[in-house]
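Peer 1: Fold the following.
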Amino acid sequence: MASFDRNLAALSLLPKDARNFASFALYAVSAADISKDQVDYHEVGIAPFAQALADPNQAAQLVNTDVMMLGYNMSTRGNDTTIPWSNYHETIKKSNDKYIPATLNGTFAEGAYMSDLFKDLRLTDSGLVHRLFRSTLPHSRLRLRDDELTQVAGLDFAEIFQRSIQLFMAEYQALQPKYILLFGTNTQTDFAKLQQYYPEFAIKVDTQIIKLKHYAPRAENHYSVAHQNRAILNKIRAQRSAGS
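Peer 2: Model prediction:
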C-alpha cells in the first residue's frame, strides 16, 4: 500500500472535479460478510468515509494510490452525484457495486482510486458507449443506427472522448500508480484502442496492467466472478512478495 506522503501528494494533484466522477475502494463491509458472499447493498455507501475524505491528511491515511481501478462509464441510475466521491458506492437495490468490495477488500487493491475510462457520458447501455467510441476512431466504418443516434442527440462524441483522455491522463499523472485494474472486456479493448490511436494516452512501461472480469457480468454468478478476480489479485501479491 502506498505511503502517507505518496498518497497526500497524489491527492493534491488529482483533477479538482475528480470527486464528482471518481472514488476510492473504501467500503464499511465486514470480512465475514464477504467470506459468506452476503454483502448488503446498504453497506457500500461512501458516507462512513465522507468526513475523512474531506480532509487530505485523514484521506491520505486511508486511500491507496498505488492502484488505479477503471470501469467503463457511469450509468444513468445511482446515487446523488453531488455527494463527493460517491461513484461506485451506490446504495440502491439495482446496483451491483456491492460486488466491488467482494472483489477488492482484503487485497492489495483495497483503498484504490476508482474511476471510469469514459467520463461525461452517463449511459446505462455500455454497448452503446462502445459503439460510439469505435465510431470516432480514425478510418472507422461503423455507422450508428437511427435509434442509437436518437439516444445521444446533441452530444459531441469526439469532444467527450477527448476530455476523457485528458482527465484520465491527469488522474494517471497525479497517481503514478503501480497497477491499473481494468474491469470488463469493453474497458480492456477500448483502453488498448486509446493506446493505439492516441499518442497522448501514454502509460509507463513499469505500470502493470491487470485485466479482470467485470464485477457484475450478465452470464455468470457475480460472487463467483469476485472469487476469480480475487484469486488473480492474490496471485499477483504472492508473486510480488516472492520477488521482494
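Peer 1: I would like the residues contacting the helix ranked longest in the chain, please.
Peer 2: Looking across the chain with DSSP state H, the single longest helix is helix 222-243. Contacts of helix 222-243 with the rest of the structure, by C-beta atoms under 8 Å, 6 or more residues apart in numbering, involve 37, 96, 99, 102-104, 106-109, 179, 208, 210, 212-217. C-beta coordinates here come from the backbone N, C-alpha and C atoms, glycine included.
Peer 1: Now with 6 Å, please.
Peer 2: With C-beta atoms under 6 Å, 6 or more residues apart in numbering as the test, helix 222-243 has contacts from 37, 99, 102-103, 107-109, 212-213, 216-217.
Peer 1: tell me the SS of the residue most central in space within the chain?
Peer 2: In the chain, the C-alpha closest to the average C-alpha coordinate belongs to L70, at a distance of 2.9 Å (C-alpha atoms, centre = their mean). Three-state assignment for L70 (DSSP: H, G, I helix; E, B strand; the rest coil): strand.
Peer 1: Would you enumerate the residues in contact with it?
Peer 2: L70 makes contacts with 117, 182, 187, as judged by C-beta under 6 Å, 6+ apart.
Peer 1: does the second one have beta-bridge partners, and which?
Peer 2: Beta-bridge pairing of L182 under DSSP bridges involves L70, K211.
Peer 1: Just to check, it is in contact with Q188?
Peer 2: Yes - using C-beta atoms under 6 Å, L182 is in contact with Q188, at 4.7 Å.
Peer 1: who's more crowded, the two?
Peer 2: Using other C-beta atoms under 10 Å, the more surrounded residue of L182 and Q188 is L182, with 23 against 19.
Peer 1: Let me know the pLDDT of that one.
Peer 2: Looking at L182, its pLDDT is 98.
Peer 1: same question, D80
Peer 2: Predicted confidence (pLDDT) for D80: 57.
Peer 1: The residue of the chain positioned farthest from its centre and G154: what is the separation?
Peer 2: If you look at how far each residue of the chain sits from its centre, by C-alpha atoms, centre = their mean, the farthest one is D146, at 30.4 Å. Between D146 and G154 the computed distance is 15 Å (C-beta to C-beta, to the nearest Å).
Peer 1: Equivalent analysis for Q208, please.
Peer 2: Look at Q208 and G154: by C-beta to C-beta, they are 39 Å apart.
Peer 1: Ok, L167 next?
Peer 2: The value you get for L167 to G154, if C-beta to C-beta is used, is 21 Å.
Peer 1: of these two, who's got more company?
Peer 2: Taking neighbours as other C-beta under 10 Å, L167 and G154 compare with L167 leading, 21 against 4.
Peer 1: Am I right that the more buried one sits in a helix?
Peer 2: Yes - counting by three-state DSSP, L167 falls inside a helix.
Peer 1: Provide a list of residues in contact with it.
Peer 2: Applying C-beta under 6 Å, 6+ apart, we find L167 in contact with 15, 119.
Peer 1: circling back: who touches both of L182 and Q188?
Peer 2: By C-beta under 6 Å, 6+ apart, the residues touching both L182 and Q188 are K211.
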